[in-house]
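Asks: pasting the sequence and the predicted coordinates here, then a few questions.
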Amino acid sequence: MIDFNDELKRYEPMLEMDNIEDSINSSEIKDIFDLLQHVYENVKRNN
Amino acid sequence: MLCPRCGKIFSNTNLCPVCKTDSFCYIKTVNISIRLYNRALKKAHEKDLTGAEIDLNNSIIFNKSNYNARNLLGLIYFEKGRIGDALKQWIISSSIFKQNNPASLYIETLQKNSREIEKLNEAVIMYNNALKNLRQKSEDLAIIQLKKIVDINPKFIDAYNLMTICYIMEKNSDKAKGCIEKVLSMDVKNPHALLYNKEFENDLKQKKKDKKQKPVEIVDNTKKTHQNKNYIKNNTTSAIGSSIIAFFVGLVCMTIVFTILIIPSWKDEKDRTIADLKNQVEKFSINSAEYSEELNNIKAENESLKIEIEQYKVETLKQDALNKLQQASDFMTQNDYENSATVIMEIDTAYYDEENLEKYNSLKEKVFPRAARSLYTKGQSEFISGNYEEAQAHLESVLKYSSGENFVDDTIYYLGKIAEKKEDFEKAKEYYNRVMNEYPKSNQYNNSRNSLNALE
């Protein structure tokens, strides 16, 4: 049976157009490669 | 080896000496990103928007510079009604790759249709508000907002999903089903819609099971029609019967409620009213008893005051009588017997004690004869002068004060004459007869007889 409250938790508010700029500026755009680079540099530093 | 990032050619290592990029890892991640993008594209063609969205997000995680993935992701967001997210991806994409990037075209298109975009953005804002209302348990308000959203943007998938939950909570399965079908028509593998659909199917199966387990009323197939009719007839009859029973049950319940709740409160109210009235009557009785006592007191006081007044009156009259006695005495001292006699005539001897009565009598004995003499002299003089009115007044006073003096008969005779002069013959006859009867030896006897004969 569907639990209303549990199901409702899966819904998140959406990005409004007025907040796009803040959203782009606040999020650091990284991908897995950046993460690997970061790990690689840490390992290298430690070694 | 060519560095995929900066383009430097190097050998004997995977690490670029210029930008320090591990080309092996880099290429791997880029390939993964591309594969995910391709899969997403396929899913998008198959209308699996949610699946495509997930893959594209993952594609970007592996390679943030995959602008194609961002463009497609933006497109999918736009299709689902998430205008803000779509614009975000296109802006980032156009910043990564500026030349001949479809994202720039998309952004331009949005800028040209600003009114439409504003409406779509309003729908997003309303969606966020509806979500807030639902979390605050205002389902009715949320449904109204969600309906408005789908009017503005009929492709707003998440709005439909939210509406589905609301209808399920309201047990409105038809509308919920409608929303689910709408979502699945736009996004075939939408997880929310699939979950809700599954719940519906489970419910249906359960209901079918329950129906099968119920005992069948129709026994024989040959009598199916007749029994169907009977069933319908019985159904109608039983419906009417149950209505009647429900009516009587309701009546009984009302009576019970009335008896338990309403009548006692009425009774209490009446008791209170009776108690109030009793109090008022008691107060009134007390007051009236007080008033009657007061009245009695007033009456008694009134009586005593009356007695006092009477006493004062008596005293006043007594004093008046004494004053008059004194006045008469004073007149006598001044030899004014006529006035003294007048005052004496006014005295009421009832208020005199013995002493004063004696004084009065003594005074009277002294004054009256002298007054009579004086008045007779005056009266006679006036009669002779022809002043009959004055003579009459004096002579009548003589009769009041006289008591056997020798001029009384003359007085009566003169009065008879005056009456005759005034043509009051009856009066005159009276006087003449009086002289003749009371004073037969009077010197006025013959005169009176003659006068009487003349009149007759």
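Replies: Everything's here; your move.

Asks: quick check, pLDDT for the residue in chain A that chain B sits nearest to.
Replies: Using CB to the nearest CB, the single residue of chain A nearest to chain B is residue A:15, 3.4 Å away. In short, each C-beta sits where N, CA and C put it, glycine included. Predicted confidence (pLDDT) at residue A:15: the value is 74.

Asks: make sure it is indeed in a helix.
Replies: No: residue state for residue A:15 (DSSP: H, G, I helix; E, B strand; the rest coil) corresponds to coil; a helix is not indicated.

Asks: ok, residues contacting the longest helix anywhere in chain A?
Replies: Using DSSP state H to define each element, chain A has its longest helix at helix A:32-46. Residues outside helix A:32-46 that contact it (CB atoms under 8 Å, 6 or more residues apart in numbering or on different chains) are B:20-22, B:25-26, B:29-30, B:32, B:61-64.

Asks: low-confidence ranges, chain A, go.
Replies: For chain A, residues meeting the criterion pLDDT under 70 lie at A:1-4, A:7-8, A:17, A:27-29.

Asks: tell me how many other residues crowd residue 47.
Replies: In the absence of a named chain, chain A is used. 5 (other CB atoms under 10 Å in any protein chain shown).

Asks: chain B, not that one
Replies: Counted with other CB under 10 Å, residue B:47 comes out at 16.

Asks: who's in contact with it?
Replies: Applying CB under 8 Å, 6+ apart, we find residue B:47 in contact with B:186-188.

Asks: of those, closest to residue B:340?
Replies: residue B:186 (146.8 Å; CB to CB).

Asks: residues in contact with that closest one?
Replies: Residue B:186 neighbours (CB under 8 Å, 6+ apart): B:47, B:49, B:79-80, B:155, B:157.

Asks: just residue B:60 next, same as before
Replies: Here residue B:60 is in contact with A:31, B:33, B:66, B:69-70, B:73 (criterion: CB under 8 Å, 6+ apart).

Asks: swap the cut-off to 7 Å and go again
Replies: Residues in contact with residue B:60 (CB atoms under 7 Å, 6 or more residues apart in numbering or on different chains) are A:31, B:66, B:69-70, B:73.

Asks: in which helix or strand does it reside?
Replies: According to DSSP states H and E, residue B:60 maps onto helix B:49-62.

Asks: quick one: distance of the helix or strand just after that helix to the chain centre.
Replies: Heading C-terminal from helix B:49-62, the first helix or strand you meet, by DSSP H and E, is helix B:67-80. Using CA atoms, centre = their mean, to the nearest Å, the mean C-alpha position of helix B:67-80 is found 66 Å from that of the whole chain.

Asks: so residue B:70 touches residue B:93, yeah?
Replies: Yes: Residue B:70 sits in contact with residue B:93 when judged by CB atoms under 7 Å, with a separation of 3.9 Å.

Asks: count the residues that sit near residue B:78.
Replies: Neighbours of residue B:78 (other CB under 10 Å): 19.

Asks: if I look at it, how far off is chain A?
Replies: 12 Å (CB to the nearest CB, to the nearest Å).

Asks: tell me who's in contact with that residue.
Replies: Per CB under 7 Å, 6+ apart, neighbours of residue B:78: residue B:86.

Asks: which of the contacts of residue B:47 sits closest to chain A?
Replies: Using CB to the nearest CB, the contacts of residue B:47 come closest to chain A at residue B:187, 15.0 Å.

Asks: that closest one and residue B:46 touch, don't they?
Replies: No: the criterion here is CB under 7 Å, and residue B:187 misses it with residue B:46 at 10.4 Å.

Asks: no further queries at this time; thank you.
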